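>>> Following is a predicted model, sequence given first.
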Amino acid sequence: MSRIGRMPIAIPAGVTVDIAENNHVTVKGPKGTLERTLPSEMEIKHEGDEIIVTRPSDLKKMKSLHGLTRTLVNNMVVGVTDGYKKELEVNGVGYRASKSGKVLTLNLGYSHPVEMTDPDGVESKVEGNKIIVSGIDKEKVGQYAAEIRDKRRPEPYKGKGIKYADEVIRRKVGKTGKK
């Protein structure tokens, strides 16, 4: 039995959850509204102040969809109440990030500055050498943070590049000279 899928999702005060046909779930909260169409095989029930996801059978596909569906609904509830945040660090001599309006400008040692526009529902802030990406949709926040990191991934010799704040880079020893 799916341990994650079995757990009920508590709905905090100030959050409304609507479940339409075809499992189209709309979650409204203090930070905004999220909508998503979930797998129609799963049964999503609103009981009191919690949501319960049940599966029709014990087929392998149904078992895997069970935990996924529950996690997606939970991420929507957490998103509209607390929101999501990812921190990135820019390391390297001359590597800089700056923000003007919705455009994030990265100077990463290329011959040109890299400009990125914040997608809808996602906001980025620059504080020193840190870039903070925040929003209510976990998927969009994670995707935008990954796209920023991809512009210059951290390298193992000097540790230069853009890395997540909690990421650990395995360092390598460089070349040694002849004797």
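Good, I have the coordinates. Computed from a prediction, not measured in an experiment: that's the story for all the values here.
>>> check contacts around L106.
The contact partners of L106, by CB atoms under 8 Å, 6 or more residues apart in numbering, come to 90, 95-97, 113-116, 148, 151-152, 162. Just so you know, the C-beta spots here come from the backbone N, C-alpha and C atoms, and that holds for glycine as well.
>>> Could you report the distance from the closest residue to it other than its chain neighbours to N107?
Among residues not flanking L106 along the chain, V114 sits closest, at 4.4 Å (CB to CB, 6 or more residues apart in numbering). Using CB to CB, to the nearest Å, V114 is found at 8 Å from N107.
>>> go on, K61?
47 Å.
>>> Have a look at the two and say which one is more surrounded.
Legend: neighbour count by other CB atoms under 10 Å for K61 and N107, higher for N107 (15 against 11).
>>> Next up, the contacts around the more buried one.
Neighbours of N107 in contact, by CB under 8 Å, 6+ apart: 94-98, 113-114.
>>> quick one: buried residues of the longest strand along the chain?
Across the chain, the longest stretch assigned as strand under DSSP state E is strand 84-91. Neighbour counts over strand 84-91 (16 or more other CB atoms under 10 Å) mark 84, 86-91 as buried.
>>> Which secondary structure elements does that strand sit against?
For strand 84-91, the contact count by 3 or more CB pairs under 8 Å, 6 or more residues apart in numbering; DSSP states H and E identifies strand 130-135, helix 138-150, strand 161-164 as packing neighbours.
>>> gap between the most centrally placed residue in the chain and N74?
The centroid of the chain falls nearest to G142 when counting by CA atoms, centre = their mean (2.9 Å). Relative to N74, G142 is positioned 15 Å away (CB to CB).
>>> angle of the longest helix along the chain against strand 130-135?
The longest helix of the chain (DSSP state H) is helix 60-81. With axes from the mean of the first three to the mean of the last three CA atoms, to 10 degrees defining the directions, helix 60-81 sits at 110 degrees from strand 130-135.
>>> avg pLDDT for helix 60-81?
Taken as a whole, helix 60-81 has a mean pLDDT of 93.
>>> same deal with stretch 166-179?
The model assigns stretch 166-179 a mean pLDDT of 85.
>>> And the contacts of that stretch?
With contacts defined as CB under 8 Å, 6+ apart, stretch 166-179 is touched by 87, 154, 156-157, 159, 163.
>>> Where does confidence bottom out across the residues you listed?
Comparing pLDDT over the contacts of stretch 166-179, the lowest reading goes to G159, 89.
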